[in-house]
Every structure is written in C-alpha cells, then in structure tokens.
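**Student:** 3D, please:
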Amino acid sequence: MKIDYLIIGQGLAGSLLSLALIEKGYQVMVIDDNHQSAATKFAAGVINPITGKRLVRTWNNDTHHDQSISHYIELEKQFKTKCLHNHALVRFLRSDIEKDAFSKKQTDPNYSAHLNQIIQPKQFTDHFTDAETGFVLPSVYQLDTPTFLKSAKQKLIANNAYLNTTFQYSDILEKDTYIQYGEITAQSIIFCEGYKSVSNPWFHHLPFENAKGEILTVKCTTLPSNTIFNNGKWLCPTSSPGTYRYGTTSYWEFQNNNPEEAGTTLLKESLSKWIKHPTQIDRIDAGVRPILKNRRPIYGFHPNHPRIGLINGLGGQGTLLAPLVIQAFTKALETDSNIPLTELPSIKG
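**Tutor:** Numbers count the residues shown, from 1 in each chain. Presented below is the predicted three-dimensional model:
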C-alpha cells in the first residue's frame with residue numbers, strides 16, 4: 001500500500017487532518033486503537049469566548065471563531081449528521097477574582113458584547129447553590145465529540161483510510177524518500193497521538209505538561225434544557241436528553257489515563273453540594289489533555305527526521321484550536337513538505 005500520509009491517532013486533530021488531506025486529494029491511512037488514549041472522546045467540546053478566573057477572551061478577533069465553526073458545519077454536511085449544537089452558557093461568579101474581573105471588563109469594548117447579560121436574582125437559585133452572581137452567553141457552540149469521532153471514522157472507512165490496531169514505534173522503517181510501516185509505504189508519518197507523545201522517540205523532548213482529569217456522566221431531568229453551566233467546573237448537555245457531563249479535575253502527575261479515586265470523590269462531592277436536584281451518576285471516565293508548557297499548539301516535522309511530523313498541544317481549547325492548526329498545517333504543506341515545528345500564535349487577547 002503506497003500512500004502520501006500515515007496518520008497516527010483519530011482524535012480531534014487526527015480526524016480533522018486526515019479528512020482535510022483527503023479533501024485535497026491525498027492518499028492517507030489513519031491508525032487508531034479505538035480512541036483508547038484520545039482526550040477528545042471525553043472533551044466538553046465547548047467553544048467558549050470567555051474562560052478562566054480572569055474572564056479572558058479566547059480569540060483575538062471573531063474571525064478565528066468563525067473559521068472553526070464554519071469548518072465543523074462543512075463537515076456536518078459531509079457526514080449528514082448533526083455534531084455541532086448551539087446552547088446558552090451560564091457562568092456563575094464565585095470568587096472575588098472573578099467578580100472583580102467581571103466588573104472591570106463589563107465596560108471594556110472588547111468584552112462588553114459578551115458580558116452584557118447578567119444573571120437575574122433567583123434566576124437559577126432553585127437549581128444550584130451559590131447561583132446569585134454571574135452572566136449568560138446566549139449563543140455558545142458545543143461539538144458533540146463522540147458523534148463527531150464516530151462520523152469521521154465512518155468517512156475514513158468509506159475511503160479505505162482507517163486501520164484499527166495499536167501502533168508500534170519500533171516497527172517504523174525510516175528511509176530518505178519514504179517511511180515504511182509494515183505493508184504501508186508513506187511519504188511522511190504524522191503523529192496526532194495526544195499525551196502519548198511523551199513516549200514518542202522523536203518528540204518526547206518537547207516540554208509537555210499534560211493534565212489529567214476525571215469526568216462524570218450524570219442524569220438529571222429537571223435542569224433548563226439546551227444550557228451549559230459553569231461554576232469553575234462545567235456541566236454540559238450530551239446528545240441524550242437529561243444527561244450531562246460534569247468535570248473536570250486537573251492534575252499533572254499520574255501513571256495512566258484511568259480514573260483516580262481522589263479525583264472522582266472530589267467531583268462527586270462538588271456536584272452534590274452545587275446541584276439541588278436528584279442526580280444519577282452513570283459513568284466515570286478520565287482523559288488526559290495534551291498540553292505544552294507555553295500552552296500553544298505545535299505542528300510540523302522533526303528537524304532531523306523530515307518525514308516524521310506531529311500535531312500536538314491542543315489542550316483545553318482543542319475544539320476551537322484544532323481547525324485553525326489543521327488549516328495552517330495543510331496550507332503550509334501546499335508549498336513545503338518539510339515544515340519546521342511551528343507554534344500556533346496565541347489567540348488569547
């Protein structure tokens with residue numbers, strides 16, 4: 001089998017990259033192990049304009065947001081499946097830092113359009129504790145990541161571009177003009193393997209600071225519909241009515257991507273203190289967000305191995321960032337097949 005690009009991992013980055021390359025006429029093959037290590041399948045998928053304790057905008061201008069949304073909408077058309085949903089987002093302000101940031105930025109022209117809808121007295125106090133102060137973003141997009149991954153996989157299979165197996169670094173044979181992996185001969189190999197790159201023999205030197213977190217799948221039928229809630233942790237609707245994901249914890253020292261008892265206990269206690277309705281916990285999962293020290297995604301090829309590349313470091317804003325990284329990478333490939341490792345410029349502003 002002779003192809004242009006061998007892609008390792010079918011998380012968000014691997015899915016978007018492979019589909020973009022197929023669209024441009026390249027022959028690709030994606031190797032994936034049923035998302036056993038993909039953070040995407042547990043991600044909230046929220047493209048949120050205002051994040052963090054200091055309420056920072058996550059893009060310098062709305063162009064970045066529109067590019068990402070348009071990318072997902074176009075893929076929805078190809079999939080003939082709904083993956084992108086529009087919700088209200090309710091952000092509760094609980095700390096003095098958050099309240100002070102909100103007060104200052106309400107009059108900032110760069111923020112005022114996002115912070116002009118204030119929570120009304122007792123609007124949410126029947127549902128949550130500490131719900132008196134905050135704001136509402138009436139239109140926030142959320143990617144249904146499990147549905148997206150499933151749809152992307154089906155499209156790859158239809159294009160004979162998907163191989164379900166566990167990848168082995170030791171089986172790569174690197175030549176001057178090609179990469180050999182088993183029976184596959186590729187011009188280049190691109191790793192989109194998330195946090196597993198800490199063990200990648202070509203890229204383990206990168207300054208990874210991956211963060212692990214637990215996520216609860218929760219049933220609650222008495223909350224306002226089509227709404228994301230955030231009190232420092234997010235409570236996001238899923239495609240199943242009355243079912244939410246609640247998370248997440250964050251810590252940087254861990255041995256595997258399995259749920260930890262301490263993190264799970266913390267989430268359960270936090271949820272029970274916050275929400276006033278009966279809830280049922282259906283699942284407990286854990287995911288590892290691939291993060292680099294400077295919090296910027298990176299793409300390109302190894303300086304000493306020009307046929308071995310990667311895309312990594314999407315972090316907690318991966319749903320927004322991934323289409324921007326893929327567009328930058330594939331555009332660069334049109335003129336140069338040996339792209340140096342490149343950071344996506346900061347989009348916080």
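
**Student:** helix, strand or coil for the closest residue in space to residue 204 that isn't next to it in sequence?
**Tutor:** What sits nearest to residue 204 in space, not counting adjacent residues and going by Cβ to Cβ, 6 or more residues apart in numbering, is residue 198, at 5.7 Å. C-beta here means a position set from N, CA and C on the backbone, and glycine is covered the same way. Taken by DSSP: H, G, I helix; E, B strand; the rest coil, the conformation at residue 198 corresponds to helix.

**Student:** any idea how far residue 198 is from residue 313?
**Tutor:** 12 Å (Cβ to Cβ, to the nearest Å).

**Student:** Look at the two and report which has more neighbours.
**Tutor:** residue 313 (29 against 17; other Cβ atoms under 10 Å).

**Student:** Let me know whether that one touches residue 298 as I believe.
**Tutor:** Yes. With contact defined as Cβ atoms under 8 Å, residue 313 reaches residue 298; the gap is 5.1 Å.

**Student:** Which neighbours do the two have in common?
**Tutor:** residue 292 (Cβ atoms under 8 Å, 6 or more residues apart in numbering).

**Student:** returning to what we had before: against residue 206, how distant is the residue nearest to residue 204?
**Tutor:** Between residue 198 and residue 206 the distance is 8 Å, computed by Cβ to Cβ.

**Student:** Just give me the neighbour total for residue 343.
**Tutor:** 15.

**Student:** excluding its backbone neighbours, what's nearest it?
**Tutor:** residue 296 (4.5 Å).

**Student:** ok, and the closest residue to residue 55 other than its chain neighbours, which helix or strand is that part of?
**Tutor:** Leaving aside its sequence neighbours, residue 55 sits nearest to residue 101 (Cβ to Cβ, 6+ apart; 4.5 Å). Assessed by DSSP states H and E, residue 101 sits inside helix 96-105.

**Student:** How about whatever helix or strand comes next after that helix, which residues are buried there?
**Tutor:** Scanning forward in sequence from helix 96-105 by DSSP H and E, the next helix or strand is strand 134-143. Of all the residues in strand 134-143, those buried under the rule 16 or more other Cβ atoms under 10 Å are 134, 135, 136, 137, 140, 141, 142, 143.

**Student:** what's next to strand 134-143, contact-wise?
**Tutor:** So strand 134-143 is contacted by 43-50, 69, 72, 83-93, 102, 114-119, 228, 236-237, 319 (Cβ under 8 Å, 6+ apart).

**Student:** In helices, which of these appear?
**Tutor:** Among the contacts of strand 134-143, the members falling in helices (DSSP state H) are 69, 72, 102, 319.

**Student:** ok, and the closest non-adjacent residue to the second one?
**Tutor:** In space, not counting the residues next to it along the chain, residue 72 is nearest to residue 84; the distance is 4.7 Å by Cβ to Cβ, 6+ apart.

**Student:** List the beta-bridge partners for the one you found.
**Tutor:** For residue 84, the beta-bridge partners are residue 143 (DSSP bridges).

**Student:** so it touches residue 70, yeah?
**Tutor:** No. Look at residue 84 against residue 70 with Cβ under 8 Å: they stay out of range, at 10.4 Å.

**Student:** These two - which one has more neighbours?
**Tutor:** Neighbour totals were compared for residue 84 and residue 70, and residue 84 leads with 20 against 11 (other Cβ under 10 Å).

**Student:** can you tell me which residues contact the more buried one?
**Tutor:** 69, 72, 73, 76, 141, 142, 143, 144 are the contacts of residue 84 under Cβ under 8 Å, 6+ apart.

**Student:** Would you agree the second one is in contact with residue 326?
**Tutor:** No. Proximity of residue 72 to residue 326 does not meet the contact threshold set by Cβ under 8 Å, at 11.5 Å.

**Student:** who has more neighbours, those two?
**Tutor:** residue 326 (25 against 19).

**Student:** Find the nearest non-adjacent residue to the more buried one, please.
**Tutor:** Using Cβ to Cβ, 6+ apart, the nearest residue to residue 326 is residue 16, at 4.5 Å.

**Student:** That neighbour in helix, strand or coil?
**Tutor:** helix.

**Student:** Contacts only, for the nearest residue to residue 97 once chain neighbours are set aside.
**Tutor:** Nearest residue to residue 97, sequence neighbours excluded (Cβ to Cβ, 6+ apart): residue 53, at 5.0 Å. Taking Cβ under 8 Å, 6+ apart, we find residue 53 in contact with 95, 97, 98, 101.

**Student:** could I get the residues you listed as TSV with neighbour count?
**Tutor:** What follows is those, written out as TSV (neighbours: other Cβ atoms under 10 Å):
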residue	neighbour count
95	10
97	13
98	19
101	20
